[in-house]
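Novice: Can you look at this prediction? I've put the sequence above it.
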Amino acid sequence: MTAELSVAQRQILITACERKGGLVLPITSNLKGGALKKVLTALLTRGAIEEVLAAPKQDVWRTDDEGVTLALKVTKTGCEAVGAKRKNRAGKPVKAVQRERSDTKQAKVIAMLKRPPGATVEQIIKATDWQPHTVRGFFAGALKKRLGIEVTSDKREKGQRVYRIP
């Protein structure tokens, strides 16, 4: 990150890097209300933290237009900015190179989207047992924001929308 971090931003990032899972919330600083929102928004803009789907017991950052609750998690960039190492859920530092697993739902969906015919939301629901809003959130959150993968779509003759990774 090019610009200097404020004391509050640095404290938030260091705390998040030390937490299991890298969660930003709850905040341990004295910031409240608008000041806290301004600091967190600045960190989001810089890519030091990111929005992720909130688990049932996690503190919620915001709820999107579709009613999906979102939490905040520190990114690799955020930890590097303060000279810290991110920890996984077990509290151990994350290895720099993680192998890509092919047996995950994410990998299955990406493979479906890379096929020439692409995939419909219904096909992805059947393969993953996800809800429709989870599939759409996966396209926007995991693929587009986190992995930087662009997903295109077009409508078939019957009105079904087909999604593809070009």
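Specialist: All right, it came through fine. Numbers count the residues shown, from 1 in each chain.
Novice: Could you pick out the longest helix of this protein?
Specialist: helix 33-46 (DSSP state H).
Novice: Do I have it right that Leu36 meets Ile27?
Specialist: Yes: using CB atoms under 8 Å, Leu36 is in contact with Ile27, at 6.3 Å. For every residue, glycine as well, the C-beta is placed using N, CA and C.
Novice: show me where pLDDT drops low in the chain?
Specialist: Along the chain, segments meeting pLDDT under 70 span 1-3, 85-102.
Novice: And the strands in it?
Specialist: 49-53, 62-63, 69-74, 119-120, 152-155, 161-164 (DSSP state E).
Novice: what's the spacing between the residue nearest the centre of the chain and Thr128?
Specialist: The structure's the chain has its C-alpha centroid closest to Val52; by CA atoms, centre = their mean the separation is 3.8 Å. Using CB to CB, to the nearest Å, we find Val52 at a distance of 18 Å from Thr128.
Novice: ok, what's across the strand from Glu51?
Specialist: Leu72 (DSSP bridges).
Novice: Surely it and Thr75 touch.
Specialist: No: Glu51 is beyond contact range of Thr75, at 10.7 Å (criterion: CB under 8 Å).
Novice: ok, these two, which is more surrounded?
Specialist: Thr75 (21 against 18; other CB atoms under 10 Å).
Novice: any idea what sits nearest that one, other than its immediate chain neighbours?
Specialist: Counting by CB to CB, 6 or more residues apart in numbering, Thr75 lies nearest to Glu50, which is 5.3 Å off, once chain neighbours are set aside.
Novice: Count the residues that sit near Ile125.
Specialist: 14.
Novice: my bad, should have said Arg46
Specialist: 17.
Novice: Against Ala81, how distant is it?
Specialist: 8 Å.
Novice: Over to Ala142?
Specialist: Relative to Ala81, Ala142 is positioned 23 Å away (CB to CB).
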